[in-house]
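Trainee: Okay, here's the prediction I keep looking at, along with the sequence it came from:
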Amino acid sequence: MRIETCYFCSRPAYPSKGITFVRNDAKQFRFCRSKCHKNFKMKRNPRKLKWTKAFRKAAGKEMTVDSTLQFAARRNVPIRYNRDLVGRTLKAMERIAEIRAKRERVFYKKRMAGNRARQLADDRKLVSTHSHLLPRLRGSEKRRLALEQGLTEEEIAALPIVEDKKTKVFGKEKIRQKVRVDGGVEFEGVGDDTMDMDSDDE
């Protein structure tokens, strides 16, 4: 049983699965799913689509030069069946898969090295440039941050506490009135609890 590779995305195309397209010059194209077949008919370049193996290899996201990749090369060499040879081949396939998995993990770690530091630097830059959009801190939050930084009680007391008295809706409180069936009026304040008032009450 031979497991073909998809012509477009290089995923495995198992027997009786996927689509086989035969061109007029008798060249066969095997696709793992209809998505690859449709993109092939639209004449799209696999190296420009981020979900294909060709793009990932061209962008340096996967290994391209490694000795374990040579074993996956297709070889049309007829060999007479031998039980010992098949057993040794299966053991070698398992061992090669383990080695390839280890090397791919090492490759991924090297590729992602320093990514966390770059992300933190980008986040700090974003916070510094858009600090006016951040919510104001409460007094308790400022005290907690000051305690984490190791300030004394006098320095904590000297910190300015800004109390924001504005409501959540653009700095103004909106009051909506609803007239109930029994004649009463219901007031709703945004951000506050709902208040009920009857028309008879003063």
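Mentor: Arrived safely.
Trainee: model confidence over the helix or strand where E94 lies, on average?
Mentor: Using DSSP states H and E, E94 sits in helix 83-111. Helix 83-111 shows a mean pLDDT of 92.
Trainee: Over to stretch 144-156?
Mentor: 68.
Trainee: How about stretch 186-199?
Mentor: 51.
Trainee: which parts of the helix holding E94 are buried?
Mentor: I96, R100 (16 or more other Cβ atoms under 10 Å). Every residue, glycine included, has its C-beta placed from N, CA and C.
Trainee: List of residues touching the helix or strand following it?
Mentor: Next in sequence after helix 83-111, counting helices and strands by DSSP H and E, comes helix 115-129. Contact with helix 115-129 is made by L134, as judged by Cβ atoms under 8 Å, 6 or more residues apart in numbering.
Trainee: Over to stretch 98-114?
Mentor: G60, K61, E62, M63, D66, T68, L69.
Trainee: hmm, 7 Å instead?
Mentor: Applying Cβ atoms under 7 Å, 6 or more residues apart in numbering, the contact partners of stretch 98-114 are M63, D66, T68.
Trainee: OK, contacts around the last one?
Mentor: When contacts are counted by Cβ under 7 Å, 6+ apart, T68 is found next to I96, I99, R100, R103.
Trainee: With adjacent residues omitted, what lies nearest to it?
Mentor: R100 (4.3 Å; Cβ to Cβ, 6 or more residues apart in numbering).
Trainee: quick one, domains of this structure?
Mentor: Here the domain parsing of the chain from the TED database is 1-62, 65-130.
Trainee: mean pLDDT for those: which is lowest?
Mentor: Averaging pLDDT over each of the domains of the chain puts domain 65-130 lowest, since it has a mean of 89.
Trainee: Can I take it that K178 is in a strand?
Mentor: Yes. Judged by DSSP: H, G, I helix; E, B strand; the rest coil, K178 forms part of a strand.
Trainee: before we move on, back to that, redo the domains of the chain as JSON lines? Include distance to V179.
Mentor: Converted to JSON lines, the domains of the chain look like this (distance: least, Cβ to Cβ, whole Å):
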{"stretch": "domain 1-62", "distance to V179": "57"}
{"stretch": "domain 65-130", "distance to V179": "44"}
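Trainee: returning to that earlier point: got JSON lines for the contacts of stretch 98-114, with secondary structure and distance to K43 too?
Mentor: As requested, these are exported to JSON lines (DSSP: H, G, I helix; E, B strand; the rest coil; distance: Cβ to Cβ, whole Å):
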{"residue": "M63", "secondary structure": "coil", "distance to K43": "29"}
{"residue": "D66", "secondary structure": "coil", "distance to K43": "31"}
{"residue": "T68", "secondary structure": "helix", "distance to K43": "33"}
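Trainee: I appreciate the help and will end here.
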